[in-house]
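> need a 3D model of the sequence below.
(one chain, ligands or ions: 2)
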Amino acid sequence: MKVLILYGKSPSANSLELAETAERLGHDVVAGSIIDVSSYVSSSQSRFWLKDDEVTDADVCFVRSFGPGTCEQLTRRISMIEHMEVSGIRVINPCYSFRRARDKYATQYTLARAGLPIAETYTTESMERAYRWSRELGVSVYKPILGSMGKGSLKFDDPDIAYNAWKMLSRLGQPLIVQEYLRNPGRDIRVFVVGGEVVGSAYKYGAPGEWKTNVAQGARMVDEPVPRETLDLGVKATSALGLDYAGVDIIESERGPVILEVNGAPGWQALKAATGVDVAEKIVRFAAAQR
Ligand SMILES: Nc1ncnc2c1ncn2[C@@H]1O[C@H](COP(=O)(O)OP(=O)(O)O)[C@@H](O)[C@H]1O
Ligand SMILES: [Mg+2]
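Ligands and ions are numbered 1, 2, ... in the order given. Just a heads-up that it's a prediction; the model follows:
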């Protein structure tokens, strides 16, 4: 098959590995930045180019990122990926599902609607309201609506420290996402799902003194058996969001496992190192079976 791989500004280790793996498995691969994709539409035809190479005949397109840009540039890129979908290119992950998974707010209500356990979450653009909720919650968490790798998330033990953050964030035009803090054993669980099946899972142990358990924040990924019900939760979360593959973060709270996020462009380098699973190969084989 002909595979198009689109990344943001520059390719991550995951995008490069996806390209190498698809080539190794005998596929035709074109990879580049989503920023460099152009498109054409008329009543009878749709065409797409990556720089000057026509990629209209791609069978599968892996979208790893919408890239950085203005609201308008992102609007064009999202429409373009949807345009590819309606033109018959199998986009992985599907455009809308990917968008929804990028957005921590949309992820929360989608999981809740599917009856899956989530952290209580408020959203607002009012710092006074955010302050009120921080006081009610006691310990609260701020999450950037488009965050990843733990970057930018904050934990407040003191609602007045939170107040100052709400004030600055709203001045910077950021929506305020206020979440309950879930007490946990200092670790969480990554469940990696491809095509409705768990291909790998591991515990992530946070660095000493660090409340976040992202590998990017110094957490250690350890290959230990994860309870069946937690693995099932990962599969259900992936399907609730409509994703073909995902990295699901699940925390062991006092009220049982809670889904923190569902990553639609998850990295797998740490998981691969911890478990030996060739995640890229699983993803490429899944894509090839879709045609
Ligand atoms: N509500 C919460 N209660 C306790 N810990 C949390 C909460 N939300 C996030 N965390 C910690 O922060 C990490 C990053 O949060 P997450 O929602 O996965 O965002 P990111 O996209 O930045 O990885 C989680 O893996 C977890 O360790
Ligand atoms: Mg996470």
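> what residues does the stretch 151-291 of the chain put near ligand 2?
Asp249, Glu261 (CB under 5 Å from the ion). Backbone N, C-alpha and C define where each C-beta goes, glycine included.
> outside of stretch 111-118, which residues touch it?
Gln108, Leu233, Lys236, Ala237, Ala240, Leu241, Arg255, Gly256, Pro257, Val258, Ile259, Val262 (CB atoms under 8 Å, 6 or more residues apart in numbering).
> pull the number of nearby residues for the third one.
By that I understand Lys236. Neighbour count of Lys236, defined by other CB atoms under 10 Å: 17.
> neighbours of the residue found closest to it once you drop the neighbours it is linked to in the chain, how many?
Excluding its sequence neighbours, the residue lying closest to Lys236 (CB to CB, 6 or more residues apart in numbering) is Leu116, at 5.9 Å. Using other CB under 10 Å, Leu116 is surrounded by 16 other residues.
> now swap in Pro225 and tell me
Neighbours of Pro225 (other CB under 10 Å): 9.
> and what of the one 10 residues further on?
Val235 is surrounded by 16 other residues when neighbours are defined as other CB under 10 Å.
> show me which positions of stretch 252-262 end up buried.
Glu252, Ser253, Pro257, Val258, Ile259, Leu260, Glu261, Val262 (16 or more other CB atoms under 10 Å).
> neighbours of the residue lying closest to the second one once chain neighbours are set aside, how many?
Read it as Ser253. What sits nearest to Ser253 in space, not counting adjacent residues and going by CB to CB, 6+ apart, is Leu182, at 4.0 Å. Using other CB under 10 Å, Leu182 is surrounded by 17 other residues.
> Arg135 too?
Neighbour number of Arg135 under other CB under 10 Å is 13.
> now swap in the one 3 residues further on and tell me
In terms of burial, Gly138 registers 12 neighbours under the definition other CB under 10 Å.
> distance check, it against ligand 1.
The gap separating Gly138 from ligand 1 is 12 Å, by CB to the nearest ligand atom, to the nearest Å.
> list the contacts for that residue?
When contacts are counted by CB under 8 Å, 6+ apart, Gly138 touches Pro159.
> thank you kindly, that will do.
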